[in-house]
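Student: build me a structure from this.
(one chain, ligands or ions: 2)
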Amino acid sequence: AADRAFILGLPKAELHLHIEGSLEPEMMFALARRNQVTLPYDSVEAIRAAYQFTDLQSFLDLYYAGAAVLQTEQDFYDLTRAYIDRAIADNVLHAEIFFDPQTHTARGIAITTVFAGIARALREARDQQGFSSRMILCFLRHLSEDDAMSTLESALPLREDYADLWNGVGLDSSELGNPPEKFAHVFTIAQAMGLHIVAHAGEEGPPAYIWGALDELGAERIDHGVRAEEDPALMERLIKEQIPLTVCPLSNLKLCVVKDLRQHNLKRMLDAGVCVTINADDPSYFGGYVNDNFIACAEAMPLTRSDLLQLAANSFRASFVDDSQRDAWL
Ligand code: ES4
Ligand code: ZN
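Tutor: Numbers count the residues shown, from 1 in each chain. Ligands and ions are numbered 1, 2, ... in the order given. The predicted structure is shown next:
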């Protein structure tokens with residue numbers, strides 16, 4: 001049996017968490033009612049029953065539809081507040097939270113509404129509970145680079161107001177057919193602005209997309225990256241440069257990236273010396289928060305206490321906080 005108490009007791013950082021993917025069916029229902037949005041489901045159970053995915057796109061279709069209930073600053077606050085409570089329950093001390101402004105601005109929601117709601121919850125949790133966090137603005141790769149550029153421009157005036165939280169940009173959504181190179185220009189500008197860079201790569205896409213994320217976008221961490229194992233030269237680079245992978249095991253299982261967690265390569269990559277971390281991705285859709293991911297891996301692989309300690313340490317090592325903060329956690 002998995003070392004549940006040991007996992008719960010491990011202080012950890014979460015580095016791959018889409019805030020829109022933490023929207024639980026109960027809140028989706030409540031916000032739909034509050035905002036007079038009609039959902040194509042008549043119960044919370046019906047929503048959960050619909051969460052059976054065959055690949056990334058089959059998930060994204062429901063994820064974007066669900067996000068339509070998020071409309072006001074209070075909605076984004078409530079969503080973030082609920083995530084923080086779950087994270088604190090899992091002994092997460094620090095979270096770097098992805099958000100997808102384009103999912104909301106495309107529906108006429110102002111980007112300031114999105115920033116303000118998320119940030120109010122994060123600052124309140126910092127001040128009242130000592131919960132540390134950052135915000136990573138993600139561009140949707142199924143949209144054009146021009147659209148990403150307009151999004152970055154619309155966020156620019158918010159840089160000072162959110163300097164305590166917003167320190168990075170990322171790339172998510174439909175990977176296949178949307179290689180990193182498509183966004184080289186917007187990431188060059190973001191990097192010149194002093195923002196940290198991450199990108200989803202090697203989830204469904206080939207190792208070439210991981211090379212592209214590193215060399216064309218300047219990614220400092222790779223989100224997922226599980227297909228790196230297919231390319232020995234890439235593995236060598238990830239190990240030599242200690243480029244972190246934010247792996248999301250239950251996500252990989254639910255999206256059929258792997259058939260069974262016993263076949264997942266997380267433990268092999270950890271043993272090879274890759275800086276692997278465990279994360280929840282979209283916990284409401286994939287059936288578990290970060291500790292559920294740790295427990296499922298500990299049962300399937302299995303992981304030793306030393307592996308679990310390494311994974312937790314890696315999460316702090318890979319975080320985008322100042323060295324003094326990082327050293328205090330390690
Ligand atoms: C995502 Cl699992 C995953 N992959 C790519 N983009 C995403 N957005 C939210 N979850
Ligand atoms: Zn993700």
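
Student: check contacts around the residue in the stretch 151-300 of the chain positioned nearest to ligand 1.
Tutor: In the stretch 151-300 of the chain, the residue that lies nearest ligand 1 is Asp172 (3.5 Å; Cβ to the nearest ligand atom). Any C-beta I mention is one placed from the backbone N, CA and C, and that applies to glycine too. Asp172 makes contacts with His18, Phe98, Asp100, Cys138, Phe139, Leu140, Arg141, His200, Asp223, as judged by Cβ atoms under 8 Å, 6 or more residues apart in numbering.

Student: now for the biggest helix by length in the chain, which elements pack on it?
Tutor: Longest helix in the chain by number of residues (criterion: DSSP state H): helix 111-129. Judged by 3 or more Cβ pairs under 8 Å, 6 or more residues apart in numbering; DSSP states H and E, helix 111-129 is in contact with helix 73-89, strand 92-99, helix 101-105, strand 132-140, helix 145-155.

Student: compare those and give me the one nearest Asn178.
Tutor: Smallest distance to Asn178 across the helices and strands packed on helix 111-129 (Cβ to Cβ): 9.1 Å, for strand 132-140.

Student: output that closest one in CSV with nothing but the alpha carbons.
Tutor: Backbone C-alpha positions of strand 132-140 (Å, rounded to 0.1, in the frame of the first residue of the first chain) are rendered in CSV as follows:
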residue,chain,number,x,y,z
SER,A,132,3.0,31.2,-1.6
SER,A,133,2.1,31.5,-5.3
ARG,A,134,2.8,32.9,-8.8
MET,A,135,0.7,33.3,-11.9
ILE,A,136,1.7,32.0,-15.3
LEU,A,137,-0.2,33.3,-18.2
CYS,A,138,-0.6,30.7,-20.9
PHE,A,139,-1.2,31.2,-24.6
LEU,A,140,-3.6,28.8,-26.4
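
Student: where do the helices sit along the stretch 151-300 of the chain?
Tutor: Remark: helices assigned in the stretch 151-300 of the chain by DSSP state H, counting those that start in this stretch are 184-192, 207-215, 232-240, 249-254, 266-272, 283-286, 290-300.

Student: hey, which of those helices is tucked in deepest?
Tutor: Greatest average neighbour count among the helices of the stretch 151-300 of the chain goes to helix 283-286 (a mean of 26), per mean count of other Cβ atoms under 10 Å.

Student: any chance of JSON lines for the helices and strands packed on helix 111-129, columns distance to Lys267 and mean pLDDT?
Tutor: JSON lines is the format used below for the helices and strands packed on helix 111-129 (distance: least, Cβ to Cβ, whole Å; pLDDT from 0 to 100):
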{"stretch": "helix 73-89", "distance to Lys267": "24", "mean pLDDT": "99"}
{"stretch": "strand 92-99", "distance to Lys267": "22", "mean pLDDT": "99"}
{"stretch": "helix 101-105", "distance to Lys267": "34", "mean pLDDT": "98"}
{"stretch": "strand 132-140", "distance to Lys267": "27", "mean pLDDT": "99"}
{"stretch": "helix 145-155", "distance to Lys267": "35", "mean pLDDT": "98"}
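
Student: same list (these) but as TSV, adding distance to Leu311 and mean neighbour count.
Tutor: Putting these into TSV (distance: least, Cβ to Cβ, whole Å; neighbours: other Cβ atoms under 10 Å) gives the following:
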stretch	distance to Leu311	mean neighbour count
helix 73-89	16	20
strand 92-99	13	25
helix 101-105	30	20
strand 132-140	19	23
helix 145-155	32	17
